[in-house]
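Undergrad: Need the 3D shape of this:
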Amino acid sequence: MLELEFTTEDLALTRLALSPLWEAIASLRVLTRPDSHTLHHPWLAAVRPRLARARLDLRPVTELLTPKVAAFVAPAPMTSAPDIQLELATIRAQPVERIHADLDALGLPRYPDPAAAVEKVATTIEAYWELAAAPYWPRIRAVLEADIRHRAYLLSTGGGRRLFADLDPNLRWEGGRLAVRLRNNRSGTVELNGRGLVLAPSAFAWPRISLLTTPPWQPLLRYPARGTATIWESRPAAPSTALTRVIGRPKARLLTLLHEPATTTQLAALAGLTVGGASQHLTALRDAGLVRPTRVGRSILYARTDTAETLIGLRS
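TA: Take a look at the predicted model:
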């Protein structure tokens, strides 16, 4: 059992945050170890063919998952809800000495050309994000944000003790210390020393918790988000009456069918439209900020945006 020792300053600096960068990294681990993550098999079934068509070389990133993750590719988020570009900029800005220290800690060779290597890591993550994570990010983020709202409520009504008691069965708060049971049976005491602790809910980390305490990185505890099991649930094929009233039946039908990213041809067949008709409606939805296109090889996949996810939630 590992114990994190808090000072008053550490408790004052403890915060909640989500990280799209971590979801990308954690989903890569799911991709390479699917048998340990059966919950995410629907996502795997959709993403694997897409990645195969794109022929994206993921080795610059997967070689940093040993299975521990190099800290510089998954640091604590700087803000409560950063976007992926901000977090990739954080990777690019890391000092060479810190990157090499992380590689040394994992027993990995140092980069002969650190600037070029780190840029390759960042661009690979970015390309992977667009293919495998971005189309599902509105759905994932909704779950992570709901978890954070729940934790904030617990903190406001019962303080840190109630917050930590509800996070995970492998955590226990006692006398100014947070006891953490990890898979590798790591033990001892870690003094946070006024650095605070970032609590980050995660979908792709399910069902495990993970901990980063190596200086100078800000201590970070990732835990499975409440509601993760609902992310890949089948969505209704029929649009709600309320959504139909807002944008019309054809567009509402297409938007509802986009519970998984799809091409214009696929959507036309599902909706009973001509390809030309489906294309016109998708263009209108794109211009309204309700769908986003992503090129995969010779195809263009459409996925819902955050705004569209909100509209899908409207009830008749």
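Undergrad: CA atoms for contacts and neighbours, from now on please.
TA: Fine.
Undergrad: other SSEs contacting the helix or strand harbouring residue 152?
TA: Residue 152 belongs to helix 137-167 when assigned by DSSP states H and E. Judged by 3 or more C-alpha pairs under 8 Å, 6 or more residues apart in numbering; DSSP states H and E, the packing partners of helix 137-167 are strand 171-174, strand 198-202, helix 306-312.
Undergrad: ok, which stretches of the chain are strands?
TA: Ranges of strands in the chain, per DSSP state E, are 2-5, 15-16, 171-174, 177-180, 188-191, 198-202, 210-212, 220-224, 291-296, 299-304.
Undergrad: Could you double-check that residue 221 lies in contact with residue 214?
TA: No: contact criterion C-alpha atoms under 8 Å: residue 221 and residue 214 do not qualify, at 12.0 Å.
Undergrad: Of these two, which one has the most company?
TA: Taking other C-alpha atoms under 10 Å, residue 221 and residue 214 do not tie; residue 221 has more neighbours (18 against 13).
Undergrad: Without its sequence neighbours, what residue ends up closest to that one?
TA: residue 211 (4.6 Å; C-alpha to C-alpha, 6 or more residues apart in numbering).
Undergrad: Ok, residue 286 next?
TA: Residue nearest to residue 286 in three dimensions, not counting chain neighbours: residue 292, with 6.0 Å by C-alpha to C-alpha, 6+ apart.
Undergrad: Which residues lie in contact with the one you found in this structure?
TA: By C-alpha atoms under 8 Å, 6 or more residues apart in numbering, residue 292 lies in contact with 286, 302-305.
Undergrad: Turn the residues you listed into TSV, including neighbour count.
TA: Listed next are the contacts of residue 292 as TSV, based on neighbours: other C-alpha atoms under 10 Å:
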residue	neighbour count
286	17
302	23
303	26
304	29
305	21
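Undergrad: Okay, and the beta partners of the residue nearest to residue 286?
TA: Beta bridges link residue 292 to residue 303, judged by DSSP bridges.
Undergrad: related to what we said a few turns ago, list the buried residues of the helix holding residue 152.
TA: Using 16 or more other C-alpha atoms under 10 Å as the test for burial, helix 137-167 gives 137-145, 147-148, 151-152, 154, 160-165, 167.
Undergrad: Check stretch 190-201 too.
TA: Buried residues in stretch 190-201, counted by 16+ other C-alpha under 10 Å: 190, 192, 194-201.
Undergrad: Tell me the one among the residues you listed nearest to residue 87.
TA: residue 200 (14.3 Å; C-alpha to C-alpha).
Undergrad: The closest one contacts residue 14, doesn't it?
TA: No: using C-alpha under 8 Å as the test, residue 200 is too far from residue 14 to be in contact (10.8 Å).
Undergrad: Would you work out how far apart the start and end of stretch 73-87 are?
TA: The straight-line separation of the ends of stretch 73-87 (C-alpha to C-alpha, to the nearest Å) is 9 Å.
Undergrad: actually stretch 131-145, not the one I typed
TA: For stretch 131-145, the separation between the terminal residues is 22 Å (C-alpha to C-alpha).
Undergrad: State the mean pLDDT of that stretch.
TA: For stretch 131-145, mean pLDDT rounds to 87.
Undergrad: again with stretch 60-67
TA: Averaged across stretch 60-67, pLDDT comes to 92.
Undergrad: For it, buried residues please.
TA: If you call a residue buried by 16+ other C-alpha under 10 Å, then stretch 60-67 has these buried ones: 60-62, 64-65.
Undergrad: Could you do stretch 175-192 as well?
TA: For stretch 175-192, by 16+ other C-alpha under 10 Å, it's 177-182, 190, 192.
Undergrad: Any chance of TSV for those residues, columns distance to residue 22 and pLDDT?
TA: Converted to TSV, these look like this (distance: C-alpha to C-alpha, whole Å; pLDDT from 0 to 100):
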residue	distance to residue 22	pLDDT
177	26	92
178	23	93
179	23	92
180	20	92
181	21	88
182	19	85
190	23	92
192	22	93
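Undergrad: Looking at those residues, which one is closest to residue 257?
TA: Nearest to residue 257 among those, with distances taken as C-alpha to C-alpha, is residue 182, at 40.3 Å.
Undergrad: got the contact list for the closest one?
TA: Applying C-alpha under 8 Å, 6+ apart to residue 182 gives the contacts 1-2, 170, 209-210.
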